[in-house]
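Peer 1: got a predicted model here, sequence first, then my questions.
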Amino acid sequence: MNNVRETKTISLPPLPSALSSRSPAAWLTLFGPGAIIASLTIGTGELIFSSRGGAIFGYRILFLFLLICLLKWTLVFTTARHMVVTGVHPFRRWMEFPLGPRGWLPTVFFVLAAVCIPIWVSFHASVIGDLLAGVTGTKRFINGALVHLWGIGILTAVMVLALKGGYSTLERVQLVIIATLLSAVTLALVLLKPDWFELVTGALLPQALEYPQWMLADSRPEIQRIAARPVWVETTLYVGVIGGASYDYLAYTSFLRDKRWGLAGSREWDGNDKDLSESTLADMRRWIRAPLFDCTLSFLIVIVFSAVFVASGALVLGPQHELPGDSGFLEHQAQFITQLHPWLHPLYVLGAFLAMLGTLYGTLEVAPCVLRETVFAVRGNLDDQQSVKLRRWTLCWCAAGAFAVLIVSFFTQVYSGADKPPGLTNLLIPANLFTGVLSCGLICLLNVWMDRILPKSLRSPLLLTLANIVAGLFFVFLGVKGYWDYSGWTAIFVLSATIAAGWALAPFVVKAIGAGRR
């Protein structure tokens, strides 16, 4: 009688040599999807809101930024880890969530993506439009509404690039942008000569945050608009943009299909096969190192950018009582390098343009990933031709929504007058509270549930599980409080109604998507 237990084999791709190397230089060869995540946040999160946070709160804001990056790294790495080990995207896993009708969670996220992503795209396009209008001296034309026409033009150009590109194009573009900007900002930080002790103290020790007296006494409408918000709402805006948003991370997990790391992109494994061979288990653990290196380097880059722009905001903008905002998102930051020499202004404009262009291009590419994974979650299969069609359709839907926002913003600005700056931030806050805060908490808590599906030998370490619980509770609390402080019961009602709609629509959405299966 043979007592040797039969083992089930899972075919894994060959391991890259970098996964077995101890050389940091070898690990850099794995950096790819993480560059996309970093570039998605640097344009808006670091260049605009890190500078603004530094100007308002000084180095004290760095502790919050470091905490945000740590908690969001926990989210990204855990979802990527599950994808590499099982080949199953969170949307597909959430289809089997035990509460409610089948597929209601992916449906809710899909419905909110249909609204929020076009808003983000329009915001990024308008910020670039604001930069170009300032450079060309046309910012005050048509009561200041020309900013949105510039945005429409740049969005059209990026849309053409996106339709002709794909993941490989996106990764190459973002790698170049990240490498160039990282070198520039590191040099800028050294030349600005910040107080290194205060910078380190601000990053490591939590301190109270409050608006400076000059803001409370300032009569400018754009400053009054910020000072009128509770500090909670202002800092929650930073929580949403620093390090990226939930849909960026869901797209990152989807990008792993293109990279074919571990089981991502090759097959799905339900996690119930207890009798995997030891060699397969060992290879799975080695594959986990790929997203570990990639995610960690991505967030280290984000932290460096945050430190540079917080310090720059504290040293340059704060003393001059200037804040990036609706009256000018990128123009004030030019002083970070023009104080070194006026001739450096064109270099700043080019760097800011590239940063925001990468953010806009990357955000456009997030939408196809969301739809692809929604369809894949229901059907369980999707051929290359279907993927291409879905991608084109989604890019058109996302761009059309963004164009609609830009056109409405254009006419609103025309009739409101040049003295009233475009209220882009007010439009962004509700979308940001879900995509960058509340949904991040939900994904962290769902990560803990997904991890229980795996065999004990492949589950996340206890520390990572606890980090997901802490991050989940932190983001959910901050998101709900942010909604309440923003507009009270109205915001809570809209959010609850959206979730209820997803719950009710799930059976119809699942049936409609499933009907397209060949």
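Peer 2: Perfect, I can see it now. Computed from a prediction, not measured in an experiment: that's the story for all the values here. Numbers count the residues shown, from 1 in each chain.
Peer 1: contacts, neighbours, all on C-alpha from now
Peer 2: Noted.
Peer 1: how about the residue nearest the centre of the chain, secondary structure?
Peer 2: Nearest to the geometric centre of the chain sits residue 244, at 2.4 Å (CA atoms, centre = their mean). What DSSP: H, G, I helix; E, B strand; the rest coil gives for residue 244 is coil.
Peer 1: give me the phi and psi for it.
Peer 2: phi 110, psi -180 (degrees, to the nearest 10).
Peer 1: show me the contacts for it.
Peer 2: 37-38, 40-41, 45, 436 (CA atoms under 8 Å, 6 or more residues apart in numbering).
Peer 1: which one of those has the most neighbours?
Peer 2: residue 38 (31 neighbours; other CA atoms under 10 Å).
Peer 1: which secondary structure element is home to that one?
Peer 2: In the assignment (DSSP states H and E), residue 38 maps to helix 33-41.
Peer 1: chain center to that helix: distance?
Peer 2: 8 Å (CA atoms, centre = their mean, to the nearest Å).
Peer 1: with respect to pLDDT, which of the contacts of residue 244 ranks lowest?
Peer 2: The lowest pLDDT within the contacts of residue 244 belongs to residue 45, with 69.
Peer 1: just checking, residue 302 touches residue 295?
Peer 2: No. Counting by CA atoms under 8 Å, residue 295 is not a contact partner of residue 302; they are 10.7 Å apart.
Peer 1: next, count neighbours for residue 300.
Peer 2: Around residue 300 there are 17 residues (other CA under 10 Å).
Peer 1: any idea which element it lies in?
Peer 2: Going by DSSP H and E, residue 300 is part of helix 278-312.
Peer 1: give me the buried positions along that helix.
Peer 2: Neighbour-count burial for helix 278-312 flags 281, 283-285, 287-312 (criterion: 16 or more other CA atoms under 10 Å).
Peer 1: pretty sure residue 29 sits in a strand.
Peer 2: No. Secondary structure of residue 29 (three-state DSSP): helix, not part of a strand.
Peer 1: so what's it up against?
Peer 2: Residue 29 neighbours (CA under 8 Å, 6+ apart): residue 18.
Peer 1: distance of it from residue 229?
Peer 2: 44 Å (CA to CA, to the nearest Å).
Peer 1: list the buried residues of whichever strand or helix holds residue 497.
Peer 2: Here residue 497 sits within helix 489-514, counting by DSSP H and E. For helix 489-514, a neighbour-count test (16+ other CA under 10 Å) marks 491-492, 495, 498-499, 502-506, 509-510, 514 as buried.
Peer 1: packing partners for it?
Peer 2: Helices and strands touching helix 489-514, by 3 or more CA pairs under 8 Å, 6 or more residues apart in numbering; DSSP states H and E, are helix 104-136, helix 345-379, helix 462-487.
Peer 1: which non-adjacent residue is nearest residue 299?
Peer 2: Spatial nearest neighbour of residue 299, chain neighbours left out: residue 69 (6.4 Å); criterion: CA to CA, 6 or more residues apart in numbering.
Peer 1: just checking, that neighbour touches residue 240?
Peer 2: No. Using CA under 8 Å, residue 69 is not in contact with residue 240, being 10.8 Å away.
Peer 1: in terms of neighbours, single out the busier of these two.
Peer 2: Using other CA under 10 Å as the criterion, residue 69 and residue 240 rank with residue 240 on top: 27 against 23.
Peer 1: quick check: pLDDT value at residue 236.
Peer 2: pLDDT, read off for residue 236, is 82.
Peer 1: and for the closest residue to it other than its chain neighbours, the neighbour number?
Peer 2: Nearest residue to residue 236, sequence neighbours excluded (CA to CA, 6+ apart): residue 482, at 6.4 Å. Residues lying near residue 482 (other CA under 10 Å) number 27.
Peer 1: next: residue 143.
Peer 2: There are 19 residues near residue 143, going by other CA under 10 Å.
Peer 1: measure it to residue 415 for me?
Peer 2: Residue 143 is 8 Å from residue 415, where distance means CA to CA.
Peer 1: now swap in residue 13 and tell me
Peer 2: 59 Å.
Peer 1: now swap in residue 14 and tell me
Peer 2: From residue 14 to residue 415 the distance is 61 Å (CA to CA).
Peer 1: what do you get for residue 445?
Peer 2: Counting by CA to CA, the gap from residue 445 to residue 415 is 45 Å.
Peer 1: show the contacting residues for the residue nearest to residue 21 when sequence neighbours are not counted.
Peer 2: In space, and not counting its chain neighbours, residue 21 is closest to residue 27: 7.5 Å by CA to CA, 6+ apart. By CA under 8 Å, 6+ apart, the contact set of residue 27 is 18-19, 21, 293.
Peer 1: retrieve the pLDDT associated with residue 27.
Peer 2: 79.
Peer 1: now residue 300
Peer 2: Confidence score, pLDDT, at residue 300: 90.
Peer 1: so how far is residue 306 from it?
Peer 2: 10 Å.
Peer 1: just residue 369 next, same as before
Peer 2: From residue 369 to residue 306 the distance is 27 Å (CA to CA).
Peer 1: over to residue 479?
Peer 2: Taken as CA to CA, the span from residue 479 to residue 306 is 22 Å.
Peer 1: where's whichever strand or helix holds residue 410 relative to the chain centroid, distance-wise?
Peer 2: Using DSSP H and E, residue 410 maps to helix 384-416. Helix 384-416 has its C-alpha centroid displaced from the chain centroid by 19 Å (CA atoms, centre = their mean).
Peer 1: and for stretch 498-514?
Peer 2: Per CA atoms, centre = their mean, the centroid offset for stretch 498-514 relative to its chain is 25 Å.
Peer 1: where does the stretch 101-250 of the chain dip in pLDDT?
Peer 2: Where the stretch 101-250 of the chain drops to pLDDT under 70, the residues are 165-175, 177-182, 184-185.
Peer 1: can you give me the strands for it?
Peer 2: Using DSSP state E, counting those that start in this stretch, no strands are found in the stretch 101-250 of the chain.
Peer 1: would you list every one of the helices in it?
Peer 2: 104-136, 146-164, 167-192, 196-204, 213-217, 221-227, 231-241, 246-259 (DSSP state H, counting those that start in this stretch).
Peer 1: quick one, what contacts residue 428?
Peer 2: 119-120, 123.
Peer 1: is it possible to get CSV of those residues that adds distance to residue 93?
Peer 2: Formatted as CSV, the contacts of residue 428 follow (distance: CA to CA, whole Å):
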residue, distance to residue 93
119, 27
120, 27
123, 32
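Peer 1: by neighbours, which of those wins?
Peer 2: That'd be residue 119 among the contacts of residue 428, by other CA under 10 Å, with 25 neighbours.
Peer 1: for it, which non-adjacent residue is spatially closest?
Peer 2: residue 402 is the one closest to residue 119 (CA to CA, 6+ apart), at 6.0 Å.
Peer 1: cool, residue 202 as well?
Peer 2: residue 60 (4.4 Å).
Peer 1: cool, and residue 255?
Peer 2: Per CA to CA, 6+ apart, closest to residue 255 is residue 33, 6.6 Å.
Peer 1: the one you found - how many residues pack around it?
Peer 2: Counted with other CA under 10 Å, residue 33 comes out at 26.
Peer 1: now do the contacts for it.
Peer 2: 171, 252, 255-256, 294.
Peer 1: the helix holding residue 300 packs against which elements?
Peer 2: Checking 3+ CA pairs under 8 Å, 6+ apart, helix 278-312 ends up next to helix 33-41, helix 51-57, helix 61-86, helix 167-192.
Peer 1: of those helices, which is nearest residue 454?
Peer 2: Evaluated over these, closeness to residue 454 peaks at helix 61-86, with 8.5 Å, by CA to CA.
Peer 1: after the closest one, which helix or strand is next?
Peer 2: helix 90-94.
Peer 1: the nearest residue to residue 231 once chain neighbours are set aside: neighbouring residues, count only.
Peer 2: Once flanking residues are discounted, residue 231 sits nearest to residue 210: 6.6 Å by CA to CA, 6+ apart. Residue 210 has 12 neighbouring residues, counting by other CA under 10 Å.
Peer 1: looking at it, residue 210 is touching residue 57, isn't it?
Peer 2: Yes. Contact criterion CA under 8 Å: residue 210 and residue 57 qualify, at 6.9 Å.
Peer 1: having no further points to raise, I will conclude here.
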